[in-house]
Structure formats: structure tokens, C-alpha cells
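**Student:** Need a 3D model of the sequence below.
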Amino acid sequence: MTALRVLILAYDGVEALDFAGPFEVFTTASRVSHRVQPGTAAPFEVASVALTPPGRPVQARAGLQLLADHTVASNPAADVLIVPGGVVDAPMASPETLRWIADCAADAQIVASVCTGVFLLAKSGVVAQEAVTTHWEDIADLRAQFPKLDVREDVRWVDTGRIVSSAGISAGIDMSLHLVERLAGRALAERTARQMDYAWTHNSSHPSA
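**Tutor:** Below you'll find the model as predicted:
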């Protein structure tokens, strides 16, 4: 089985756990899978891509610095594209960034957002009328800016098939475990949560097509 490439976007102002939560889930899932089935291919290959010049770290919200594997200029491809939230004003105002998100999403099997990352998916046209969610504090703003979206609240994530979105910050971990279940099976998702010593919250929304 060929590993699915999980690409996580990073930009100045990204919320650290929005980025690190999914990173931890998918890398842990591959590590646990290898432990359970030695000699088999890892189910996921995880990489990060930055909206910064080559060699310059991304400065996450609150100052944590991240050095990504790729820049958008290198145009890395993704099977699963994850767009974290944070302070999204600058990427929302960047046509080049929005174009890259739209182009990368077009070829991805699954496009997922964490927290306010869904604003970037909406602004780039990746989501237009789908059911989505975001951080509870940003629900009203999302509805106001993108009134055609079906914005859900009081759920940890929303799965419409190709588009998956999560509520705020730590909910990205729950959503990522859900994606591990979808792509590699329930047993691996549960083992991953156990390895992370994480109480996986399962409440979610699966709108009908």
C-alpha cells in the first residue's frame, strides 16, 4: 500500500496546536502501524508547507517558530491537505496564497481545516455551500462573511466526504483521528489515540449528500 501524503499548511500567525495536533496524530498513526505490522509501509507520509521564503521559519501565534519541509513555491502535492487556523488575515488577503490553496485542494483526496482555517478554504473557493464548522468564537463571523455556507455548531468536526472541518484548536486532533479511521481503519485510530494518551471525542456531523 502506498502511503497517503498528508500536507499541513503553516503561515505566520498559525495556531501552534492547530498545526501540531494533526501532525502528531498522523505521524503517531504511522509509528503505531509499523509497530503492529513490522515491515509494512507506513499509511501516512506527513510534510509541512510554508507561506514563507525558503529557509525562513514560520512564526506561529505566541511566537513558536516552525521550519517547514516545503514552501508553496515548490508546489508539493497532497492526498490530504490540512489547513490550520490562527490569525488568518494575511493569508486571506493574499491572492497567491488563496490560489495555491485552491490548486492544491483540487488534486487532493481530502481537504480538511482546523478552527479558522475554514475561512481560508471559503475565501479560496474550496468550500462554497458545504456544511462546515469552526471555533465557537468565530461561528457568527463565518456565517456573516460566507452566508451560503451551512455552518454547524456544537460539533467537534463536520465530514461531508471530501471536505472535513473541525471546531477550535484541540478539535483538530479529534478530526484527525477520525480521518485516520476513515483512511486506515478504526483499530489504528483507537491505537493512535491510546498511544497519545488522548481521550478521543467522537461527536461529529455527517451531513447527507
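
**Student:** CA atoms for contacts and neighbours, from now on please.
**Tutor:** Fine.

**Student:** How about residues contacting the helix or strand hosting Gly172?
**Tutor:** Per DSSP states H and E, Gly172 falls inside helix 171-184. The contact list for helix 171-184, computed with CA atoms under 8 Å, 6 or more residues apart in numbering, reads 18, 21-22, 25-26, 29, 43, 113-115, 156-157, 164-166, 186-190, 192-193, 200-202.

**Student:** Would you mark the buried spots in stretch 117-136?
**Tutor:** 117-124, 126-128, 130-135 (16 or more other CA atoms under 10 Å).

**Student:** Quick one: end-to-end length of stretch 87-95, please.
**Tutor:** The straight-line separation of the ends of stretch 87-95 (CA to CA, to the nearest Å) is 17 Å.

**Student:** what's next to that stretch, contact-wise?
**Tutor:** Contacts of stretch 87-95 from elsewhere in the structure, counted by CA under 8 Å, 6+ apart, are 11-15, 61, 97-98, 116-117, 119-120, 123.

**Student:** ok, 10 Å please
**Tutor:** By CA atoms under 10 Å, 6 or more residues apart in numbering, the residues outside stretch 87-95 that reach it are 11-15, 51, 60-61, 97-98, 101, 116-124.

**Student:** Which stretches in this structure count as helices?
**Tutor:** If you assign secondary structure with DSSP state H, the helices in the chain sit at 16-36, 89-92, 95-106, 117-123, 139-145, 171-184, 186-195.

**Student:** Tell me how far the fifth one lies from the chain's centre.
**Tutor:** In this case it means helix 139-145. 20 Å (CA atoms, centre = their mean, to the nearest Å).

**Student:** Could you check it and say which residues are buried?
**Tutor:** Going by 16+ other CA under 10 Å, helix 139-145 has these buried residues: 139, 142.
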